[in-house]
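1. Just need the structure, nothing else, for what follows:
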Amino acid sequence: MRKFNQPVWLQKILLILGILGPGLITASAGNDAPGIATYSSAGSNYGYTLLWVMVVIAVACVAVQEMAARMGAVTGKGTADLIRERFGLRITSFAMASLLIANLGTTIAEFAGIAAAGEIFGISRYITVPLAGLLFSLLILRGNYGIIEKVLLVLTLSAFAYVISVFIVKPDMQEILEATFRPQITLTQGYVTTVLAAIGTTIAPWAIFYLQASVADKGRPLNKFWETRLDTVFGAVLGNMVSIFIIILTAATLFKSGVRVETAEAAAQALRPFAGAWATPLFAAGLLGASLLAVSVLPLSTTYAFCEAFGFERGLNRPMREAPAFYTIFIAITGLAVAITLLPGVPLFQLMIFSQAVNAMLLPVTLVLALVLANDSRIMGKHKNGAVANILLISVTALVLAATAALVVLPLINPI
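-> Numbers count the residues shown, from 1 in each chain. This is a model prediction of the structure:
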C-alpha cells in the first residue's frame with residue numbers, strides 16, 4: 001500500500017494544531033460576552049483612539065500568559081499553591097478575596113450576556129438566566145459538559161465575523177495607523193473606565209490562575225516547553241487580534257455614523273456589512289455561546305483556586321460529602337451571580353463593561369504576587385523572569401494603578 005506523503009506546509013499546520021491547548025483557550029476567553037461588550041463600546045464611543053492601548057495590552061497579555069505557563073511548567077503547581085507556600089495564609093487570604101470579587105463580577109457579566117442574548121430574541125431574562133444557571137450547574141457538577149463545551153467553542157467562533165466584516169467595510173488604514181502609533185488620551189471618566197475594562201477583560205486575574213493550573217496538570221516536560229510557549233503566544237496574539245478588529249469595525253461603522261453602543265442590539269449593527277439581516281441573530285448567537293462557555297468554566301476555576309489555596313478537598317470526581325467546601329463555593333458563586341443579574345432595572349450591557357473595569361482594578365494584586373514568584377530563583381531556578389518580561393509587567397501594573405487613580409481624581413477635578 002502506497003504511503004501518503006503530506007505536504008510540508010500541511011505537516012506544520014497539523015503540528016501547531018496538535019500543540020494548541022490551554023493557552024489558546026485562556027486567550028479566547030477574553031472575547032466572551034463582557035469582552036465583546038467592552039470592545040464594541042470602545043469602538044463606537046471613542047473611534048480608533050483606544051487602538052494604541054490595545055497594542056500595549058496585547059504585548060502585556062503575551063508576557064503575562066507566558067509567565068503563568070512557565071511557572072506551571074517549572075513548578076508543576078498552580079498559582080494559588082505557590083502563593084500559599086511563598087507568602088503564607090494572610091497574603092493568600094487577601095489574594096483569594098480579590099480573585100473571588102473579580103470572578104464573581106465576571107460571572108455576573110456572563111449571565112448578563114445570556115440575558116442580553118435572550119432579550120434580543122424576545123425571551124425574558126427571568127427565563128434564560130435561571131435556566132442557564134440550573135442547567136450548567138447540573139451538567140458541571142455531574143462532570144458531563146465536555147461535548148457541550150466543544151459546541152460552545154464553535155459558537156464563539158462567530159466573533160471572527162468581526163474580522164471578516166472589517167475587510168468588507170474597508171476602513172481608512174491611515175486613520176487606523178495614526179491612532180495606533182500616535183497615542184491620544186482623553187481624561188474623562190468614560191474613557192478611563194473603558195481603558196480599565198479593556199485591560200480587565202484581556203488580562204483577567206482568573207486567566208493567570210486557570211492557565212498555570214492547566215499547564216501544571218498537563219505535565220508536559222520542560223524540554224518541550226517550547227510547545228507550551230507556542231500555544232500561549234499564538235493564543236494571546238489571535239485573541240487580541242479579534243479584540244482589535246472588533247474595535248476597528250465598530251469605530252468604522254457605528255462611531256462614524258454617530259451610533260453609540262448602549263445595548264446588545266446596537267452592537268449587533270456593526271455586523272450588518274457582513275451579515276445583513278442576519279447581523280442581530282449572529283451577534284446574539286456569539287454572545288450566548290461565549291457567555292455559556294464562560295459560565296461553565298469561570299465559577300469552577302474560582303472554586304478550584306480557592307480550594308487549592310486553603311487545602312480543601314476538591315474535584316468533580318469526589319462526592320459532596322468528601323468535598324463540601326468545593327461544591328458549596330461553586331453553588332454560592334453561581335446562585336449569587338444569577339440573583340444579581342435578575343435584579344429589576346439592571347443595565348445588562350453597562351454591567352458587563354463595569355465588571356471588567358473592576359477586574360482591572362483588582363489585577364495588580366495578582367500581578368505583583370505572580371511577579372515576585374516568577375523572579376524567585378528558589379522557585380523558578382534558571383527559568384525566572386527576564387528583564388523584558390519584568391518591564392512589560394511592571395508597566396501594565398503601573399498603567400492600571402494610574403487609570404484607577406484617575407478614575408478617583410477626575411470627579412473631584414470636574415464634578416458633574
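2. what residue ranges in the protein are flagged as low confidence?
-> Low-confidence segments of the chain (pLDDT under 70): 1-30, 143-159, 217-221, 315-317, 410-416.
3. Could you check how many residues crowd around Pro319?
-> For Pro319, the tally of surrounding residues (other Cβ atoms under 10 Å) stands at 8. C-beta here means a position set from N, CA and C on the backbone, and glycine is covered the same way.
4. wait, I meant Leu104
-> For Leu104, the count of nearby residues is 21 (other Cβ under 10 Å).
5. Contact partners for the nearest residue to it once chain neighbours are set aside?
-> Of all residues not flanking Leu104 in the chain, Ile333 sits nearest, at 6.0 Å (Cβ to Cβ, 6 or more residues apart in numbering). By Cβ atoms under 8 Å, 6 or more residues apart in numbering, Ile333 lies in contact with 100, 103-104, 107, 299, 302-303.
6. My read is that Arg272 contacts Ala279, right?
-> Yes. Because the distance of 4.5 Å satisfies Cβ atoms under 8 Å, Arg272 is recorded as touching Ala279.
7. When the two are compared, which one has more neighbours?
-> Ranked by neighbour count (other Cβ under 10 Å), Arg272 and Ala279 place Ala279 first, with 20 against 16.
8. and the helix or strand hosting that one, what does it pack onto?
-> Following DSSP states H and E, one finds Ala279 within helix 279-310. On a contact count with 3 or more Cβ pairs under 8 Å, 6 or more residues apart in numbering; DSSP states H and E, helix 279-310 meets helix 33-46, helix 79-120, helix 125-141, helix 146-156, helix 205-218, helix 264-268, helix 324-341.
9. how about that helix: buried residues?
-> Buried positions in helix 279-310, judged by neighbour count with 16 or more other Cβ atoms under 10 Å: 279-309.
10. Against Ser44, how distant is Glu110?
-> 22 Å (Cβ to Cβ, to the nearest Å).
11. no wait, Ile176
-> Distance of Ile176 to Ser44, given as Cβ to Cβ: 16 Å.
12. for Ile244, same thing?
-> Ile244 sits at a distance of 15 Å from Ser44 (criterion: Cβ to Cβ).
13. try Arg86
-> Distance of Arg86 to Ser44, computed by Cβ to Cβ: 43 Å.
14. Show me which of the two is the more surrounded one.
-> Per other Cβ under 10 Å, whichever of Arg86 and Ser44 has more neighbours is Ser44, with 26 against 15.
15. For Ile36, grab the count of nearby residues.
-> By other Cβ under 10 Å, the residues close to Ile36 number 30.
16. can you tell me how far it sits from Arg272?
-> According to Cβ to Cβ, Ile36 stands 16 Å off from Arg272.
17. One more: Pro324?
-> Taking Cβ to Cβ as the measure, Pro324 and Arg272 are separated by 51 Å.
18. Looks like Ser214 contacts Ala73 (just checking).
-> No. Counting by Cβ under 8 Å, Ser214 does not reach Ala73; the two are 10.7 Å apart.
19. For Leu271, see how far away the nearest residue to Tyr39 once chain neighbours are set aside is.
-> If the residues on either side of it in the chain are set aside, Tyr39 comes closest to Ile246, at 4.0 Å by Cβ to Cβ, 6+ apart. Computed as Cβ to Cβ, the Ile246 to Leu271 distance reads 10 Å.
20. The two: which has the busier surroundings?
-> Taking neighbours as other Cβ under 10 Å, Ile246 and Leu271 compare with Ile246 leading, 27 against 24.
21. which residues sit in contact with that one?
-> Listed by Cβ under 8 Å, 6+ apart, the contact partners of Ile246 are 31, 36, 39-40, 43, 159, 162, 270.
22. could you say which helix or strand contains it?
-> Following DSSP H and E, one finds Ile246 within helix 225-250.
23. For that helix, which residues meet the burial criterion?
-> The neighbour-count check on helix 225-250 (16+ other Cβ under 10 Å) flags 225, 227-229, 231-236, 238-240, 242-250 as buried.
24. can you check stretch 177-192 too?
-> Across stretch 177-192, burial judged by 16+ other Cβ under 10 Å covers 179-180, 191-192.
25. Could you identify the most distant pair in the residues you listed?
-> In the buried residues of stretch 177-192, two members sit farther apart than any others by Cβ to Cβ. They are Thr180 and Val192, at 19.6 Å.
26. what's in contact with stretch 347-359?
-> 33-35, 37-38, 41, 101-102, 105-106, 108-109, 112-113, 115-116, 119, 125, 193-194, 196-198, 200-201, 204-205, 261-264, 267, 341, 407.
27. Same question for stretch 260-268.
-> Stretch 260-268 has contacts (Cβ under 8 Å, 6+ apart) with 36-37, 40-41, 43-45, 116-117, 119-120, 250, 254, 259, 279-280, 282-284, 287, 348-350.
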